[in-house]
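Engineer: Sequence plus predicted model, see below.
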Amino acid sequence: MPLPSPLTLAGSASTWGPLDWWRLEMHALRPTSAAAEVAVISPKAVWSKAGKGPVPWLGCLLVPLFITSFVTPLIGALLMVAAVVEDDGFDWALAAAGWLTLVSAAVTVYGEWQERRQPRALTTGTVLIIAGFHLLPGVVTLGIGLLVALPTIEGPAGWWLLVVVADLAIHIAMLVRGRSRRGGPQHEIDNLQRAVAELPADVATTVTAERRAAIDLLVERGLVDGETAERAKAAPLGLLGPTMAPALMPEHIRASVERHD
């Protein structure tokens with residue numbers, strides 16, 4: 001169920017506590033892509049009840065596409081292992097593994113292009129998982145290809161090993177680069193601020209106005225005092241929770257910010 005507006009949240013509250021500031025920011029940014037970045041830094045009690053907003057049709061296509069890019073190198077490596085076990089020739093297995101790796105590499109290149117347009121810092125775990133799904137099967141395919149398959153192949157199938165080498169090179173470079181791009185966001189708060197900065201000006205203005213109106217309503221209803229309200233209004237868009245109730249920020253997010261600031 002989509003989140004109600006900030007005014008609805010402020011109007012229906014009987015009390016107002018630290019966690020509610022985090023909820024108010026999530027409700028304010030509910031129609032924007034920045035809401036996902038707010039959820040990342042928010043306490044579980046906020047994002048677990050946030051519901052689901054509309055999913056862009058392109059996002060529906062990209063998610064399975066990126067999942068496919070993780071699976072295809074593994075399938076290619078399994079085909080090479082099967083060719084060794086069955087001793088049935090390597091031309092078909094190497095060609096199939098090459099095609100599958102090419103698909104995976106193409107998705108990776110597209111992802112890198114998107115990341116250059118809208119850079120985001122990743123977690124170290126995410127970097128290692130992405131690298132593992134590509135490097136481990138790639139090493140298996142390349143190893144079997146060079147040591148077992150290549151000496152027995154007479155046709156052009158051996159050229160597919162160059163695709164495997166290219167995919168390995170791309171993901172080694174990404175692993176060396178680490179969780180963030182130089183000059184880009186370095187941690188989760190940076191990701192949120194970048195997402196807010198990317199909002200169209202009219203959207204940012206509307207969201208800010210809705211948030212201010214909700215805070216004014218809280219004052220009118222006697223749930224917060226004027227000084228608290230002014231501090232909340234002055235909070236940068238996206239950072240209402242960390243400004244008003246920083247102690248509720250998840251420990252791993254706080255540690256990440258402190259480590260990379």
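Structural biologist: Thanks, I have the structure now.

Engineer: shaky segments in this structure?
Structural biologist: 1-2, 48-63, 183, 259-261 (pLDDT under 70).

Engineer: Break it down into its domains, please.
Structural biologist: Following automatic domain parsing, one gets these domains for the chain: 6-32+199-260, 57-177.

Engineer: and of the ones you listed, who's closest to H187?
Structural biologist: In this view, the domains of the chain are compared for proximity to H187 by C-beta to C-beta, and domain 6-32+199-260 is the closest at 4.5 Å. From N, CA and C alone the C-beta is placed, and that goes for glycine too.

Engineer: so how far is that closest one off the chain centroid?
Structural biologist: On the basis of C-alpha atoms, centre = their mean, to the nearest Å, domain 6-32+199-260 is displaced by 23 Å from the centre of the chain it belongs to.

Engineer: Over to the nearest residue to L65 once chain neighbours are set aside: give its phi and psi.
Structural biologist: Nearest in space to L65, with sequence neighbours left out and distances taken as C-beta to C-beta, 6 or more residues apart in numbering, is V107 at 5.8 Å. Torsion angles at V107 (phi, psi; degrees, to the nearest 10) stand at phi -60, psi -40.

Engineer: again with S33
Structural biologist: Taking degrees, to the nearest 10, you get phi -70, psi -20 for the backbone angles of S33.

Engineer: now the residue nearest to L65: how far from I215?
Structural biologist: According to C-beta to C-beta, to the nearest Å, V107 and I215 sit 43 Å apart.

Engineer: what does T8 give?
Structural biologist: With the distance defined as C-beta to C-beta, T8 ends up 14 Å from I215.

Engineer: So between those two, which is more surrounded?
Structural biologist: Neighbours of T8 and I215, each counted by other C-beta atoms under 10 Å, are more numerous for I215; the result is 25 against 13.

Engineer: Checking that one next. Helix, strand or coil?
Structural biologist: Three-state call for I215 (DSSP: H, G, I helix; E, B strand; the rest coil): helix.

Engineer: looking at it, it is touching A229, isn't it?
Structural biologist: Yes - in terms of C-beta atoms under 8 Å, I215 counts as a neighbour of A229; the distance is 5.1 Å.

Engineer: longest helix of this structure?
Structural biologist: The helix of greatest length in the chain, counted in residues with DSSP state H as the criterion, is given as helix 57-86.

Engineer: Would you mark the buried spots in it?
Structural biologist: Residues 69-70, 72-77, 79-80, 83 are the ones in helix 57-86 that count as buried (16 or more other C-beta atoms under 10 Å).

Engineer: same deal with stretch 136-147?
Structural biologist: By neighbour count, with 16+ other C-beta under 10 Å as the criterion, the buried positions of stretch 136-147 are 137-138, 140-142, 144-145.

Engineer: which residues are in contact with the helix or strand hosting W21?
Structural biologist: With elements delineated by DSSP states H and E, W21 resides in helix 18-28, which encompasses its position. Identification of contacts with helix 18-28 by C-beta atoms under 8 Å, 6 or more residues apart in numbering yields 3-6, 8-10, 13, 35, 38-39, 42-43, 45-47, 50, 207-208, 210-211, 214-215, 232, 237-241, 243-245, 247-248.

Engineer: Using CSV, write out every CA atom in it.
Structural biologist: Coordinates of each C-alpha in helix 18-28 appear next as CSV, following Å, rounded to 0.1, in the frame of the first residue of the first chain:
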residue,chain,number,x,y,z
PRO,A,18,12.0,10.6,17.4
LEU,A,19,11.0,7.7,15.1
ASP,A,20,8.2,9.8,13.6
TRP,A,21,10.7,12.3,12.1
TRP,A,22,12.2,9.4,10.1
ARG,A,23,8.7,8.4,9.0
LEU,A,24,7.8,11.9,8.0
GLU,A,25,10.8,12.1,5.6
MET,A,26,9.9,8.8,4.1
HIS,A,27,6.3,10.0,3.5
ALA,A,28,7.5,13.3,2.1
